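*Asks:* predicted model follows, preceded by the sequence.
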Amino acid sequence: MTLHAHSLRTTNQRIEGYLNAHPALRPRYEQARAIRRILRKSNNYDLTSRCNLFCEGCFYFEGDDYKRAAEDMDDAHWDTFFAAQAAAGVSFGFFAGAEPGLAQERLLRAAKHIPRGAIHTNGTLRIRPEIPYSIQISVWGDEDTTKHFRGGNVFWKSIRNFANDPRACFVFTINPNNLSQLPGVVRILQDYGHRIMFNYFSPTQSYLEKIACGADNDKDYFRISSSATNMLFDTGSLLRARAVVNELIGQYPATVLQSRAFNDAVTAPGPLYSLDDSGIARNCNGRNFAWHQGYRVDMQPSDAKCCMPNVDCAQCRLYTIAIASFIFQPERFLDTAQTFEGWLDICEQFARVYLGQREPVPMGEAAMSFAILVAP
Ligand code: SF4
Ligand code: SF4
């Protein structure tokens, strides 16, 4: 038996042991397996190289990868491309950019062929109602901070653009300097009936190099940071951020979609993934492997390590990648029946954020309605 087969067998045996001891968890486990089937072949698509903002430390423009592809502007080509992707078995699409809200005709073409997906947008543009994907809207702080960090005053605009839109969920990117703004932003989003998740700032290599060598600020994606003041976490600030988020999870259960188990796992000090000799994550589900492939704006498969090629793996806590990785790595959560239940919470968190399940699902309860989760 190979080492992999052995550890898979051990994982399955341990899960079975918890299910036998706690039969009420079994329906939740079956739902978790359904979620995994939906994600069995998930690809990432950069739809456009255009954006209308200038975010500090931008994942897309702060690095050279985007320069390797020229955007195909013919939407008919995109239609053919997405049809081929669906025929190849793609079960879920992650749509990003730069800003995918600027390429909505392509989103419509994608939705014709790939029924499930998620759009990662800056929220400045409404997404047409006939596009059936979940929508993740990035937030970088309160009104003033947003203007400062994103080069545009888009805070209220994004809240208004997505009022009463059941597809929408806000994703607040936390860094050590905007922690104090979290409670106020969550309160506002609650007042407007929105939901929120938290992402921890994950620096690009280029951002780290500029900080390390004390580079001068520019007029684009490194306007504000310096060696003395920047968005990097150390262990102390990371654990402080974890504590603030855990408090908000308890305070706003219908508004905050982050589960406690995910929040604790994603803020574990040190690298989240095992790194190879060149510092690249081995066990990250965002890597371009057989089950996941990123495509650049020319519709060609990316030869980069992942869909966020500029980000430093050792400090990567990107929430989409982390949750997709954890869902396929239950072995991380098998110390006790309680941690296993935490893994089920994480799978359910994915369903609420990415599969459009609107009603809050009580964490830790077996009785759930997942009518939406019928894997094809
Ligand atoms: S919205 Fe900000 S982070 Fe996203 S591509 Fe545009 S500049 Fe970059
Ligand atoms: S940067 Fe993040 S998403 Fe990309 S391979 Fe590394 S850990 Fe995975």
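*Replies:* Sure, I can see it. Ligands and ions are numbered 1, 2, ... in the order given.
*Asks:* for the rest of this, base every contact and every neighbour count on C-alpha atoms.
*Replies:* OK.
*Asks:* tell me the helix or strand right after the helix or strand harbouring Ala118.
*Replies:* Per DSSP states H and E, Ala118 falls inside strand 117-121. Going down the chain from strand 117-121, the next helix or strand is strand 134-139, by DSSP H and E.
*Asks:* let's test this: mean pLDDT of that following strand, rounded?
*Replies:* Computed over strand 134-139, the mean pLDDT rounds to 95.
*Asks:* quick one: strands adjacent to that strand?
*Replies:* Paired with strand 134-139 in the same sheet, following DSSP bridges, are strand 117-121 (parallel), strand 168-174 (parallel).
*Asks:* give me the low-pLDDT residue ranges for the chain?
*Replies:* 1-3, 357-376 (pLDDT under 70).
*Asks:* please name the residues that touch the closest residue to ligand 2 within the chain.
*Replies:* Ligand 2 sits closest to Cys313 of the chain, with a gap of 3.5 Å, by CA to the nearest ligand atom. With contact set as CA atoms under 8 Å, 6 or more residues apart in numbering, Cys313 has these partners: 271, 273, 275, 279-281.
*Asks:* secondary structure added to those, as JSON lines?
*Replies:* Formatted as JSON lines, those follow (DSSP: H, G, I helix; E, B strand; the rest coil):
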{"residue": "Pro271", "secondary structure": "coil"}
{"residue": "Tyr273", "secondary structure": "coil"}
{"residue": "Leu275", "secondary structure": "strand"}
{"residue": "Gly279", "secondary structure": "coil"}
{"residue": "Ile280", "secondary structure": "coil"}
{"residue": "Ala281", "secondary structure": "strand"}
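*Asks:* okay, those in CSV with neighbour count and distance to ligand 1 next?
*Replies:* Converted to CSV, the contacts of Cys313 look like this (neighbours: other CA atoms under 10 Å; distance: CA to the nearest ligand atom, whole Å):
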residue, neighbour count, distance to ligand 1
Pro271, 15, 22
Tyr273, 19, 23
Leu275, 15, 25
Gly279, 11, 24
Ile280, 17, 22
Ala281, 22, 22
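*Asks:* how about a markdown table for those, with distance to Trp343 added?
*Replies:* Below are those laid out as a markdown table (distance: CA to CA, whole Å):
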| residue | distance to Trp343 |
| --- | --- |
| Pro271 | 19 |
| Tyr273 | 17 |
| Leu275 | 23 |
| Gly279 | 27 |
| Ile280 | 25 |
| Ala281 | 21 |
